[in-house]
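In: Sequence plus predicted model, see below.
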Amino acid sequence: MNTGPIQDGLLPSEFLVEASGVPAIAYVRAGLPGSPTIVALPGGGHMARVFYGHPDSRAEDFLDYWLEKSGLGFIALSYPSDHRAFRRHLPDLTVTDWGNAAALMTAEIMKGRGLYGSITPIGWSMAGRACRAFNVAARRLGLKMPGFIALAATPPMPGMVRAEPEGEPFTAEGFWRTGSDDTGLTARNESFLRDINWRETEIISAAAYKAHYIVNTPIRLRGEPNQRADLERNSLLDTIADLGTFAYPEYPFTGVIAPTRTSDARHALTDQATWGFLNSQKLFCEYSAANSISSQAGAWNELRELALQLPSRLCRYVEGGHFFFIGREGAEKSALHVAELCKQLEYLEVMMVQLLNQQCNPGR
């Protein structure tokens, strides 16, 4: 539970970090020695507090509490928004810039806190857009990252998010207007709040939601083209280049935790197949990069079987909508799935090395 005074909008457990000129609000908790560290990235309009709560909230309603029970370390990063803790605003921040900065922040926090072992980023909603950029930067920095976990997350593929005919609303500063307005919560956020409290037990009140969770967002992080008339280099081709949509070798293998309710029908119906497609492309790229010429029948058959299994092997479901990981039951189940998927991703990493070595060296 987060308690104590709030200074400059930061909770006592939070602090500001910066990398490559990009600031963020960080929350860090060490796990058991040798355990993976989860790096949590929030979606559009929200701070990373969706993963660890607000003052006077119930700790067991949030993912961090249950991840700690599993021994996993935790780093949560809130992207730069119009939150009052940020002295400098970056309304045009790109997905690539955020992914690069978040990976560098992670490396510096790990080193500064004496944390060792692997990391597994989890991205909720819009944060799925940054999976490729984060992975590329993490590899460059020498971070051990077996894979990524998508929580009702949208991959780096434009055209998957509904485009409103009237366009998106913006603040005077150029942020995507995803926070509250002067009259209170917007219709969008009222809908989100109902989704959070869908079990008819109030987890987050309207006042707490407005005060501690919602912010206005850099529009490019949404990962869609032509979002603002005065925004340069935001065509479809520019967006594809920023997301790295077709750079399949640069994607991480991705585990999926998806919702079940009609309130988040797109993720409930498509996440397993969408991320499964990208995992299949990643597997093929790994195979191609191994320069296999001759094939050992046993290894090839295992590789084919693995390709068939990946969509279901790396997918889990939790009852609920877009915020299925908030609330005691959803948070506990989600944390268990995160721990399971970390093991699956680590196992997959080892298996791929073994299978591809057999393919490349059939005599061994």
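Out: All right, it came through fine.

In: pretty sure residue 77 is in a strand, no?
Out: Yes. Secondary structure assignment (DSSP: H, G, I helix; E, B strand; the rest coil) places residue 77 inside a strand.

In: Please, where are all the strands along the stretch 201-350 of the chain?
Out: Ranges of strands within the stretch 201-350 of the chain are 254-258, 315-317, based on DSSP state E, counting those that start in this stretch.

In: Packing partners of the shortest one?
Out: Put plainly, it is strand 315-317. Judged by 3 or more Cβ pairs under 8 Å, 6 or more residues apart in numbering; DSSP states H and E, strand 315-317 is in contact with strand 254-258, helix 265-289, helix 328-360. For every residue, glycine as well, the C-beta is placed using N, CA and C.

In: Residue 311: neighbour count?
Out: 18 (other Cβ atoms under 10 Å).

In: I should have written residue 174 there, sorry.
Out: The burial metric for residue 174, expressed as a neighbour count using other Cβ under 10 Å, is 17.

In: Show the contacting residues for it.
Out: When the contact criterion is Cβ atoms under 8 Å, 6 or more residues apart in numbering, the partners of residue 174 are 91, 92, 219, 228, 230, 231.

In: try 6 Å
Out: Taking Cβ atoms under 6 Å, 6 or more residues apart in numbering as the definition of contact, the neighbours of residue 174 are residue 91.

In: quick revisit: let's have the strands of the stretch 201-350 of the chain in JSON lines, adding mean pLDDT, mean neighbour count and distance to residue 59.
Out: Listed next are those as JSON lines, based on pLDDT from 0 to 100; neighbours: other Cβ atoms under 10 Å; distance: least, Cβ to Cβ, whole Å:
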{"stretch": "strand 254-258", "mean pLDDT": "98", "mean neighbour count": "27", "distance to residue 59": "20"}
{"stretch": "strand 315-317", "mean pLDDT": "98", "mean neighbour count": "19", "distance to residue 59": "23"}
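
In: Adding distance to residue 271, write the ones you listed out as JSON lines.
Out: Formatted as JSON lines, the strands of the stretch 201-350 of the chain follow (distance: least, Cβ to Cβ, whole Å):
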{"stretch": "strand 254-258", "distance to residue 271": "4"}
{"stretch": "strand 315-317", "distance to residue 271": "7"}
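
In: Next, give phi and psi for the closest residue to residue 235 other than its chain neighbours.
Out: Spatial nearest neighbour of residue 235, chain neighbours left out: residue 225 (5.6 Å); criterion: Cβ to Cβ, 6 or more residues apart in numbering. The phi and psi torsions at residue 225 (degrees, to the nearest 10) take the values phi -80, psi 160.

In: Now do residue 225 against residue 241, distance only.
Out: As defined by Cβ to Cβ, to the nearest Å, residue 225 lies at a distance of 11 Å from residue 241.
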